[in-house]
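> Give me a model of this one.
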Amino acid sequence: MVKMHPLLNREKQVLARRYEKEKHLIGLGSRLWSLLILLAFYFSGLSLKLAFVFKEKSIIWTFLFYMFVFLLTLSLLVFPLKFYSSYLHEHRWQFSNQSFRSWFWDQIKSFIVGLVVIWLVAGLLLWIMDQFPGYWWLIAGLAMAGVSVILATLFPVVIFPIFNKYTPIEDKKLTKALADILAKGGLKSSGFFKEDSSRQTKKENAFLAGLGKTRRVVLADNLLEKMTVPEIESIIAHEVGHFRYKHLWLNIGLGTIEQLVIFFILDRFMRLVFPQFLSSPNWNLNLFPLLIIAGGVMSGFIFGPLTNALSRLFEKQADTYALKMIQNKRYFMTALAGLADRNLANAYPKWWIKILYYSHPPIGERLRRAEEFNYASKKEIV
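Sure thing, here's the model as predicted:
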């Protein structure tokens, strides 16, 4: 067994491994159940009926109605598993602070936001397929890059406030320290905000979100209660590292390449297996569940491990940047160890779990690298 870092709580890490195993099993069950629902939606003939439900009217009305029924059906059928995974299971592990009423209201809001997003994104995709059938995969792949930039810009100021309340942080010592960290990275923030996460969960979180004028530093209220100012500085320094290394733009670029490959393979596969593909908007709409399945399989099983590996590399770079910016690596290490124990994050997962699921290096690895970081040379420890 790997030697545990002394900053980690052994009992908490035993619980973390149990918690992670249960979450992975629940996630696997949810994905399999969603796959069966999508297959049933198509092969039952329901998709075909909905795709031609308003034959005498504009395709727009058919599309809007189809996506509403599609998302509603999926949401209702996965609701029992969703209720267990995000409400009952989180309560059993004493993470959730929500009443059923509050949790259910969040699910309704998620459905509404999801419906608007699927109307816009799927509508754009299907329109491109109809207008440019010969090379739709190329235009769609590039268009999705634009969508990613728009969503990254709007989410902090439009979507996040739907689910949580954001208030300016009044601690001047903290905001000055964070402003200094951002300034060292050549960044400015539109503000420093506290998120009322404790209304929903005991888990702690912090992030630097948005682009340009929408960029903001967000700290969960429960994180503010548990961490010291130097620890919070180290966490935000890590986030600044992502911007310093242009990881957001790299992710958008790499995501665009991935999307182009997936769309290209989808184009060839769907043309070969389904002659109706691209023959009309209605037939494309009918095939929508299969497009989701095929795209999801390629994204998850083919590109997933590669995407996770690149993400872990970016996280190492951001860690190194944070260690260079702060004066005492101990704060970075205590912040990570505290998050691991309080959020029950498994610091030492099995290698295959890491490859399949981890977009961040396990915290055990991050603690080791921080321990070995040499301020004299400031070289990255691999």
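> what kind of secondary structure is the residue of the chain most remote from its centre in?
No residue in the chain sits farther from the centre than E56, which is 40.0 Å out by C-alpha atoms, centre = their mean. With DSSP: H, G, I helix; E, B strand; the rest coil as the basis, the three-state label of E56 is coil.
> quick one: the helices in the stretch 251-382 of the chain?
281-286, 288-297, 304-325, 329-342, 351-357, 363-372 (DSSP state H, counting those that start in this stretch).
> Relative to L81, which of those is closest?
L81 lies closest, by C-beta to C-beta, to one member of those: helix 288-297, at 16.8 Å. The way it works is simple: take the backbone N, C-alpha and C, and place the C-beta from them, glycine included.
> could you say what helices and strands the closest one packs with?
On a contact count with 3 or more C-beta pairs under 8 Å, 6 or more residues apart in numbering; DSSP states H and E, helix 288-297 meets helix 10-43, helix 59-83, helix 247-273.
> Could you dump those into TSV and include distance to I150?
Below are the helices and strands packed on helix 288-297 laid out as TSV (distance: least, C-beta to C-beta, whole Å):
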stretch	distance to I150
helix 10-43	26
helix 59-83	19
helix 247-273	11
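> picking that back up, would you tell me which of the helices of the stretch 251-382 of the chain gets closest to S198?
It is, among the helices of the stretch 251-382 of the chain and with distance given as C-beta to C-beta, helix 329-342, at 12.5 Å.
> Could you check the angle that closest one makes with helix 10-43?
Counting by axes from the mean of the first three to the mean of the last three C-alpha atoms, to 10 degrees, helix 329-342 points 60 degrees away from the direction of helix 10-43.
> what number of residues lie near the residue nearest to A335 when sequence neighbours are not counted?
Counting by C-beta to C-beta, 6 or more residues apart in numbering, the nearest residue to A335 once its immediate chain neighbours are dropped is E231, at 3.9 Å. Neighbour count of E231, defined by other C-beta atoms under 10 Å: 20.
> Next, E231: phi, psi?
phi -70, psi -40 (degrees, to the nearest 10).
> do the same with S279
phi -80, psi -30.
> How many neighbouring residues does it have?
Counted by other C-beta under 10 Å, the residues lying close to S279 total 11.
> how much space between it and K57?
19 Å (C-beta to C-beta, to the nearest Å).
> swap in I139?
Noted for I139: a distance of 27 Å to K57, by C-beta to C-beta.
> who has more neighbours, these two?
Remark: of I139 and K57, I139 carries more neighbours, 16 against 10, as counted by other C-beta under 10 Å.
> secondary structure element for that one?
Using DSSP states H and E, I139 falls within helix 136-154.
> could you give the mean pLDDT of that helix?
For helix 136-154, the mean per-residue pLDDT is 92.
> Measure how far that helix is from the centre of its chain, please.
16 Å (C-alpha atoms, centre = their mean, to the nearest Å).
> Also stretch 326-343?
Stretch 326-343 sits 23 Å away from the centroid of its parent chain (C-alpha atoms, centre = their mean).
> Buried ones in stretch 276-286, by neighbour count?
Using 16 or more other C-beta atoms under 10 Å as the test for burial, stretch 276-286 gives F277, L278, P281, N282, W283, N284, L285, N286.
> Mind putting the residues you listed into TSV with distance to F100 and pLDDT?
Converted to TSV, the buried residues of stretch 276-286 look like this (distance: C-beta to C-beta, whole Å; pLDDT from 0 to 100):
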residue	distance to F100	pLDDT
F277	43	96
L278	45	95
P281	41	95
N282	40	96
W283	42	96
N284	39	97
L285	35	97
N286	37	97
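> before we move on, the earlier item: make CSV from the helices and strands packed on helix 288-297 and add distance to D341 and mean neighbour count to it.
As requested, the helices and strands packed on helix 288-297 are arranged in CSV below (distance: least, C-beta to C-beta, whole Å; neighbours: other C-beta atoms under 10 Å):
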stretch, distance to D341, mean neighbour count
helix 10-43, 4, 15
helix 59-83, 27, 16
helix 247-273, 27, 16
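> Quick check: which of those helices is nearest to P133?
helix 247-273 (9.3 Å).
> angle of that closest one against helix 304-325?
Helix 247-273 runs at 180 degrees relative to helix 304-325, counting by the same axes, to 10 degrees.
> the inter-axis angle of helix 247-273 versus helix 136-154?
Using the same axes, to 10 degrees: helix 247-273 against helix 136-154 is 150 degrees.
> Quick one: list the elements packing against the worst-scoring helix or strand of the chain on mean pLDDT.
Least confident helix or strand of the chain, by mean pLDDT, DSSP states H and E, is strand 206-209 with a mean of 84. Judged by 3+ C-beta pairs under 8 Å, 6+ apart, strand 206-209 is in contact with strand 216-220, helix 229-244.
> Quick check: mean pLDDT of the shortest one?
Yep, that's strand 216-220 we're talking about. Rounded mean pLDDT across strand 216-220 is 92.
> Show me what it is packed up against.
Using 3+ C-beta pairs under 8 Å, 6+ apart: strand 216-220 touches strand 192-195, strand 206-209, helix 229-244.
> Tell me which of those sits most buried.
helix 229-244 (a mean of 22; mean count of other C-beta atoms under 10 Å).
> Now find how far off-centre that helix is within its chain.
Worked out by C-alpha atoms, centre = their mean, helix 229-244 lies 19 Å from the chain centre.
> follow-up on the earlier one: correct me if wrong: the residue nearest to A335 contacts T334.
Yes: using C-beta atoms under 8 Å, E231 is in contact with T334, at 6.0 Å.
> quick one: which helix or strand includes P133?
Short version, using DSSP H and E: P133 is in no helix or strand.
> same thing with A122?
Going by DSSP H and E, A122 is in helix 100-131.
> tell me the mean pLDDT for that helix?
Mean predicted lDDT for helix 100-131 stands at 97.
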